[in-house]
Structures are given as C-alpha cells and as structure tokens.
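Asker: curious how this folds, go ahead:
(one chain, ligands or ions: 2)
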Amino acid sequence: MIPQQVKLVDVGPRDGLQNEKQVVSPTHKIELVHRLQAAGLREIEVTSFVSPKWVPQMADNAQVMAGLERKPGVRYSVLTPNLQGFDAALPSKPDEIVVFGAASEAFSQRNINCGIEESVERFRPVVAAAHAQGIKVRCAISCALGCPYQGEVTPDEVERVVRLMKAIGVDHCGVADTIGVGTPRRVQAAMERALKHFPLAEVSGHFHDTYGQALANIYACLEMGLHTFDASVAGLGGCPYAKGATGNVATEDVLFMLNGLGIETGIDIDRLVDAAAFISNVLGRKPVSRSGNALLAKRAA
Ligand code: HMG
Ligand code: MG
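Answerer: Numbering: from 1, shown residues only. Ligands and ions are numbered 1, 2, ... in the order given. Next up is the predicted model:
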C-alpha cells in the first residue's frame, strides 16, 4: 500500500524565509533555490506575493523569481492570496500558484484579514485567472489539526473548507498542520476528508514539526497511499501569524526516512544537506534537521 515514489515540495524559500527576523538577500534566496534544484527537488515553493506590510521578508518576490535560472522539469510555485497578488505574480511566470485558507475562522482573520467564506470568494477570481493562463492552483488549508487561537479543529471543519476549495475549481488540496499538533490517527481523519473530494495524487500534507510529530504523520499518510508532501530544507519555517509555530519538517529528515523505506524521490541527500548547510550558514545557525546534522557530523569525523 505504501507508495514507491514520493514527491517532496520544498517550501523552505517561502515558508522558511518568511519567518526570519533577519533580512535574507535575494541573492541568497536565489542560490538556495538553485541548490535545491541541483539536489533533485522537482517542486520548489519560491516566494509569496502578499502585502509587504504584512510580510516584509517576501517583498523581493519578483526579484527572486526573475533571478532564477530555471531547470527544465522543475515546478516553481508562489503564494497569491488575492487578485492583486496574482497580477503581481503573473509576470514572474509561476508554474503553480497557492491560495491559502484556513479551517479556523480565527486564524483566517489573523492571517489574511477576512473570514473563511470571504477568503474563498477572494480566491475564486484568482483560480479563474490562473486557469485562463494555464497555471495550476493548489490550496493550503491551514490549522487543519489545531489552531493557535481557536484550539481544536475537527475533521468536519476541514471538510467544509475542502468543499469550498473544490467548488471554486482548485486543482490540488494541501492539508496543513500549521502548529504541528496533529498526531497520526487525527491526521488520517483529516486526510480522509480531503480524499473525499480530491484524488490521491492531488492531496498533500504540510507538517510543521513543532511537537515532533511530523515524520509519524507523514508515515501515517503514506499508509493511506498519499505521496506528496511539503517539507522545508534545514527545517526552516513557521508562520508569522501563528505564534510559537516552529519550522516545517526538515526535507533531510523526510528524505532519510523515505530512503530507508526504499521510496524513490530523485533527491540526492548529500546535495540536500549541502543546501541546508548553505542557508543555515547564511542565517548563522545550525540546521534544525536531525538527519542533516548527523550526516554533517559524520562527514566531519
Ligand atoms: P488586507 O489589508 O485585508 O488587504 O490584507 P486589502 O485588499 O484591504 O489591501 C490593503 C493594502 O494591502 C493595500 O495597500 C493593498 O495594496 C495591499 P495600501 O493601499 O494600504 O498601501 N495589498 C497587497 N500588496 C501586495 N500584494 C498583495 C496585496 N494585497 C493587498 N497581494 C492580505 C489582505 C491577504 C493582502 C494580507 O492579509 C496579507 O498579505 N497577509 C499575509 C499572509 C501571509 O503571507 N501569511 C503567511 C503565509 S501563509 C502560511 O505560512 C501557512 C502555510 O504555510 C500553510 C500552513 O503552514 O498552515 C501556507
Ligand atoms: Mg506553513
């Protein structure tokens, strides 16, 4: 039942670097993307076209996109919360855009300044505009396993947003544990709701590792046949509107597990570890990846 191939989407340049206090130059961001594609990543979430007043770290979005030396076969995605963001993103020629909603009203308000239904109404013309340009649309459903403001979030609440996203024509449904509180059976229950409306190949998991549950949760998803996961090089990440949320599960950790399971990803772990060391060096700290650090220590020995 466990898939033989898995697609990892590295969201580090966006989810990771949106959350850094220090300024990371566009040159370093571009080099990170180049190192990720050199390591074999085939999908990279590069940046977001959101308000620079809300997330100043992503204000260099167009510059970063323009500086990429694109590798054939690699898909570059960006976040676009509204038509203004989509119009700004279009000249950068993203392969995929991401509209991001939430399963919790409170988080929706804090993250994108409107309620769930209104957010989906804002996404509707974005989806139509993207499709008119032949661009694929993924959605992220934040707080699918818990919310920093509301607390518990039920599978019914997740399915409500899944339905709304499906109704406006979103192609792919990303189920996100923004604050990393999900555990395997609860994650499976949320995923089941997404799978009622989207096919296996169009559902993915996005797990922040705040409570150390992300690998177990990914394994639980593999048991269901899911084969697309977001992860973040060096374990970078967090959401500025979810206090206390730490990084995404590190891509190196997921890859080490998948390699051990004999699952093919096309990613070279050594080059990925190099990419993690590179960005961590820029940030002046160690990667937050157990596997990555172990491999670096082994190299140094
Ligand atoms: P708003 O204030 O309601 O928007 O913000 P508005 O339409 O009323 O416009 C107000 C101002 O924002 C105007 O500028 C607009 O031009 C500007 P002013 O006239 O005041 O100078 N504006 C924009 N500027 C640039 N790009 C845009 C844009 N839209 C409006 N696209 C908005 C609504 C969504 C824009 C705002 O709330 C925002 O930018 N929020 C940022 C949210 C964000 O980036 N969060 C982090 C990413 S989500 C995440 O990390 C979760 C995820 O990883 C999954 C998970 O882990 O859960 C995906
Ligand atoms: Mg996230």
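
Asker: from L68, how far out is the residue in the stretch 201-301 of the chain positioned nearest to ligand 1?
Answerer: The stretch 201-301 of the chain approaches ligand 1 most closely through C239 (3.8 Å), counting by C-beta to the nearest ligand atom. Bear in mind the C-beta positions are built from the backbone N, C-alpha and C, glycine included. Noted for C239: a distance of 24 Å to L68, by C-beta to C-beta, to the nearest Å.

Asker: V187 now?
Answerer: Applying C-beta to C-beta to V187 and L68 gives a distance of 33 Å.

Asker: swap in N19?
Answerer: Taking C-beta to C-beta, one finds N19 at 21 Å from L68.

Asker: then G244?
Answerer: 32 Å.

Asker: those two: who's more crowded?
Answerer: L68 (18 against 9; other C-beta atoms under 10 Å).

Asker: pretty sure the more buried one sits against I30.
Answerer: Yes - assessed by C-beta atoms under 8 Å, L68 is found in contact with I30 at 6.1 Å.

Asker: hang on, the earlier thing: so who does the residue of the stretch 201-301 of the chain closest to ligand 1 touch?
Answerer: Applying C-beta atoms under 8 Å, 6 or more residues apart in numbering to C239 gives the contacts 15, 18-19, 111, 142, 178, 208, 245.

Asker: narrow these to those in helices?
Answerer: Among the contacts of C239, the ones falling in helices (DSSP state H) are N111.

Asker: narrow the contacts of C239 to those in strands?
Answerer: Among the contacts of C239, the ones falling in strands (DSSP state E) are S142.

Asker: how about Q22: what's its closest non-neighbour residue?
Answerer: L283 (6.9 Å; C-beta to C-beta, 6 or more residues apart in numbering).

Asker: now do that neighbour, the pLDDT please.
Answerer: Per-residue pLDDT puts L283 at 94.

Asker: count of neighbours near it?
Answerer: Neighbour count for L283, taken as other C-beta under 10 Å: 18.

Asker: which one is V11 nearest to, not counting chain neighbours?
Answerer: Excluding the flanking residues, the one nearest V11 by C-beta to C-beta, 6+ apart is E45, at 4.1 Å.

Asker: remind me, longest helix of the chain?
Answerer: helix 116-132.

Asker: can I get that one in PDB, CA atoms only?
Answerer: Taking Å, rounded to 0.1, in the frame of the first residue of the first chain, the C-alpha atoms of helix 116-132 are listed here in PDB:
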ATOM      1  CA  ILE A 116     -13.200  31.700   5.600                       C
ATOM      2  CA  GLU A 117     -16.100  32.200   3.200                       C
ATOM      3  CA  GLU A 118     -14.900  35.700   2.200                       C
ATOM      4  CA  SER A 119     -11.400  34.300   1.700                       C
ATOM      5  CA  VAL A 120     -12.700  31.700  -0.700                       C
ATOM      6  CA  GLU A 121     -14.700  34.400  -2.600                       C
ATOM      7  CA  ARG A 122     -11.400  36.300  -3.000                       C
ATOM      8  CA  PHE A 123      -9.800  33.100  -4.300                       C
ATOM      9  CA  ARG A 124     -12.500  32.400  -6.800                       C
ATOM     10  CA  PRO A 125     -11.300  35.000  -9.400                       C
ATOM     11  CA  VAL A 126      -7.700  34.100  -8.700                       C
ATOM     12  CA  VAL A 127      -8.400  30.400  -9.600                       C
ATOM     13  CA  ALA A 128     -10.200  31.500 -12.800                       C
ATOM     14  CA  ALA A 129      -7.400  33.900 -13.800                       C
ATOM     15  CA  ALA A 130      -4.800  31.200 -13.200                       C
ATOM     16  CA  HIS A 131      -6.600  28.600 -15.200                       C
ATOM     17  CA  ALA A 132      -7.100  31.100 -18.000                       C
END
